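# got a sequence here, can you build the structure:
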Amino acid sequence: MNRKIENLLLESLEKSDLEQKIENVDELIKIERPKESTHGHFSTNLARQLPRYLKMPPQKIANTIVDHLPERPELIDKVEIKGPGFINFFLTKKALQSIINEIKAERNEFGKNNKGKDKKTIVEFVSANPTGPLTVGHGRQAVLGDCVARILDWNGYDVHREYYYNDAGRQMRILGCSTYFRYRQLLGFDEEIPEDYYQGEYIKDVAQQIVDEFGDKYKEDKDAQIFREYAEKAVFADINNTLKSLGIEFDEYFNEKNLYESGKIDKVLEEFEEIGASYEKDGAIWFKGSEYGAEDDRVLWKSVADEATYRLPDMAYHKTKFERGFDRIVDIFGADHHATYPDVLAGLRALGLDVAKVEVIIHQFVTLMRGDEKVKMSPEKQIM
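Okay, the predicted model is just below:
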């Protein structure tokens, strides 16, 4: 029904010669269901979108559109103009009943359309660090992100599902060290694993694989890459299996490590320096976020530790989304990103990118209870 009303509006604009003065008119037409039944079955604010093109008040535009609407007595019972340019459509009983026949005829294809035709869209979701199995909270985001991707696909968008794979930085080093400690314990060394390391049973399983294959070969080599590599591989396999059990598959897993190896991290720092969007203070490189819409300036690179904070890779990663030609960029984040994603948007804005293309959906955490106590969801105590 939305499409039928959209076609009526397009015909009206063509008959009234208004269409010639409007750019991308298809994108301006939005059909909605009014909150109040007295405002009709469908409504559009199209007349309120056109003054900048037509140099006319919304009320006059609305009158012109309604005056040139083609007669469809089997579809439209009446049309009303309300407020400053809202056009409300009242359907006939016959039209309302015909929708049932359309549903029966089209079955599972009912409502499918090409509104997003030729619009390349990326939906990033889950993107959990490969440091432990997915939690129920991650599962919730996986389902949410997959639903968003399916809705966009249903509306004709060219959808690319992506998981940002954080395989660089401090957390991955801790994953490797955690595996090393468990490896030593399995070899009989009486050592306590530090509290800030990953404590989960899955770490022991990975360590046991290394013991079975290499014995005590690496008992004195804490920095051996094998600990991180084995742990990362095992965790990622578990994540992938969990997602597949939910019927969710990604088109691409984008590795954070690639941002470093390809020089994209350095490139962003260079660009910020060139445009004066960064400065050095207290042994760190800061981004002038407050000048680009963020609340405060933020540290991008800790010179003492010689490593980036997580905002910098996130900025570089999102820059690739623009470079890859996506017209619509959808990010699904948990509530813990509420205060951080504005900084990434500020960085993109500083780089001259159109942040209007970015849509951020924040979902709340899942709280599980066992009796009167909250159950912790973390790599230390897994639920899934």
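# which SS class is Arg161?
Following DSSP: H, G, I helix; E, B strand; the rest coil, we place Arg161 in the strand state.
# what about it, how many residues nearby?
Other residues within reach of Arg161, judged by other C-beta atoms under 10 Å, total 21. (Each C-beta comes from the backbone N, C-alpha and C, glycine too.)
# next one: it relative to Val330, how far apart?
To Val330, Arg161 is 10 Å away according to C-beta to C-beta, to the nearest Å.
# quick one: contacts of whichever strand or helix holds Ser12?
Following DSSP states H and E, the helix or strand that holds Ser12 is helix 2-15. Helix 2-15 has contacts (C-beta atoms under 8 Å, 6 or more residues apart in numbering) with 19, 22, 25-26, 29, 31, 42, 44, 46, 65-66, 68-70, 72, 75-76, 89, 113.
# out of those, which are buried?
Neighbour-count burial (16 or more other C-beta atoms under 10 Å) applied to the contacts of helix 2-15 gives 22, 25, 29, 31, 42, 44, 46, 65, 68-69, 72, 75-76, 89.
# just checking, next helix/strand downstream of the helix ranked longest in the chain?
Scanning the chain for the longest helix, with DSSP state H as the assignment, gives helix 225-245. On the C-terminal side of helix 225-245, the nearest following helix or strand under DSSP H and E is strand 252-255.
# okay, now the sheet partners of that following strand, with direction.
strand 158-165 (parallel) (DSSP bridges).
# now, which of the buried ones among the contacts of helix 2-15 sits nearest Ala237?
Here the nearest of the buried ones among the contacts of helix 2-15 to Ala237, counting by C-beta to C-beta, is Ile31; it sits at 45.8 Å.
# now do the contacts for the closest one.
Contacts for Ile31 (C-beta under 8 Å, 6+ apart) come out as 2, 5-6, 42-44.
# Thr131 in helix, strand or coil?
coil.
# which helix or which strand is home to the residue nearest the centre of the chain?
The centroid of the chain falls nearest to Asp331 when counting by C-alpha atoms, centre = their mean (1.3 Å). Assigning secondary structure by DSSP H and E places Asp331 in strand 328-334.
# likewise for Lys374?
Using DSSP H and E, Lys374 maps to strand 373-375.
# name every strand pairing with that strand and say which way it goes.
If you go by DSSP bridges, strand 373-375 pairs up with strand 368-370 (antiparallel).
# so how far is the strand it pairs with off the chain centroid?
Taking C-alpha atoms, centre = their mean, to the nearest Å, one finds strand 368-370 lying 28 Å from the centre of the chain it belongs to.
# average pLDDT for it, rounded please.
Regarding strand 368-370, the rounded mean pLDDT is 84.
# show me the beta-bridge partners of the residue nearest to the centre of the chain.
Note on Asp331: beta-bridge partners Glu124, Val360, judged by DSSP bridges.
# so where do the helices sit in the protein?
Along the chain, the segments classed as helices by DSSP H run 2-15, 25-28, 46-49, 51-54, 58-67, 93-106, 136-154, 170-186, 201-214, 225-245, 256-261, 264-275, 311-323, 341-350.
# could you dump those to TSV with distance to Ala305 and mean pLDDT?
As requested, these are exported to TSV (distance: least, C-beta to C-beta, whole Å; pLDDT from 0 to 100):
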stretch	distance to Ala305	mean pLDDT
helix 2-15	54	92
helix 25-28	46	84
helix 46-49	50	94
helix 51-54	50	91
helix 58-67	56	95
helix 93-106	58	91
helix 136-154	28	94
helix 170-186	8	91
helix 201-214	24	93
helix 225-245	18	93
helix 256-261	15	93
helix 264-275	15	96
helix 311-323	13	97
helix 341-350	19	96
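# make a markdown table from those and add distance to Lys357 to it.
Formatted as a markdown table, the helices of the chain follow (distance: least, C-beta to C-beta, whole Å):
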| stretch | distance to Lys357 |
| --- | --- |
| helix 2-15 | 23 |
| helix 25-28 | 13 |
| helix 46-49 | 19 |
| helix 51-54 | 21 |
| helix 58-67 | 27 |
| helix 93-106 | 32 |
| helix 136-154 | 14 |
| helix 170-186 | 29 |
| helix 201-214 | 38 |
| helix 225-245 | 26 |
| helix 256-261 | 20 |
| helix 264-275 | 18 |
| helix 311-323 | 8 |
| helix 341-350 | 9 |
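# quick one, phi psi at Lys112?
phi -70, psi 140 (degrees, to the nearest 10).
# for it, give me its contacts.
Counting by C-beta under 8 Å, 6+ apart, Lys112 has contacts 106, 154-156.
# just to revisit the earlier point, how far away is the residue nearest to the centre of the chain from Ala356?
14 Å.
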